[in-house]
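Student: Whatever this is, show me its structure:
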Amino acid sequence: MVKAMRPPPLIISCGIIKREIEFIIRCNGWNIECFFLPSTLHFDFDLLHKSLTAALARFPGRHAVVLYGACHPAIDRIVEQGGGTRISCQNCVEMLLGHEEFTRTLAEGSYFLLEEWAQHWDDILERTFGGDRIAREIFQADRSSLVALHTPCSADFIAQAETAAASIGLPLRHVQVPLDHLEKLLKKTLGWGGDLS
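Tutor: So this is what the prediction gives:
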């Protein structure tokens, strides 16, 4: 009797780190199935809830590793009800930087900028704050700088980052981010080791 082949591990993730996840998988030669959701779902909690629930239901009987931070008030319940396991991080920036570096940089008063956010900055400000005038007041009240995170998968978004920083009146700093921490986090969450110390 021929044994049925077990399906590969399943990752359901926000698309904002799609290139980084696919790069790590490709470099390691891992057999992993991935399903990505649009990052714009963060603007609508109800739509995020429905989309993530539908994504988990799309793979019945499969245990999914869910690469989302605390992006919805009920994220852990949504993932648990769908039979998945959520990665242990507050957000995608922490996934890239690691908890200590993320917390330290945040405590310094920094706000983080990823390529996709830089490319859609005006739309994000409009949806989140109602425009750049209000956003400028909010950012300047408790943030001291804008930190653009560049991974090995990032395109050149320096001009867009400069425009974003100018729109909220904050100095801009560029940081190169290796994918070591995200790779270790994936290994740990998949049960393949991955020491995060």
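Student: show me the contacts for Ile25.
Tutor: Ile32, Cys34 (C-beta atoms under 8 Å, 6 or more residues apart in numbering). Just so you know, the C-beta spots here come from the backbone N, C-alpha and C atoms, and that holds for glycine as well.
Student: Kindly apply the preceding question to Ala74 instead.
Tutor: Taking C-beta under 8 Å, 6+ apart, we find Ala74 in contact with His49.
Student: go again using 10 Å as the cut-off
Tutor: Applying C-beta atoms under 10 Å, 6 or more residues apart in numbering to Ala74 gives the contacts Phe45, Leu48, His49, Glu80, Gln81.
Student: For it, report the pLDDT, please.
Tutor: Ala74 carries a pLDDT score of 96 in this model.
Student: for Lys3, same thing?
Tutor: 59.
Student: Kindly report the same for Gly194.
Tutor: At Gly194, pLDDT is 54.
Student: Same check on Gly131?
Tutor: Reported pLDDT at Gly131 in the predicted model: 73.
Student: what separates it from Thr40, distance-wise?
Tutor: 18 Å (C-beta to C-beta, to the nearest Å).
Student: Look at those two and report which has more neighbours.
Tutor: Thr40 (17 against 12; other C-beta atoms under 10 Å).
Student: so Val65, which of the three states?
Tutor: Using DSSP: H, G, I helix; E, B strand; the rest coil, the structure places Val65 in strand.
Student: All good on my end, thank you.
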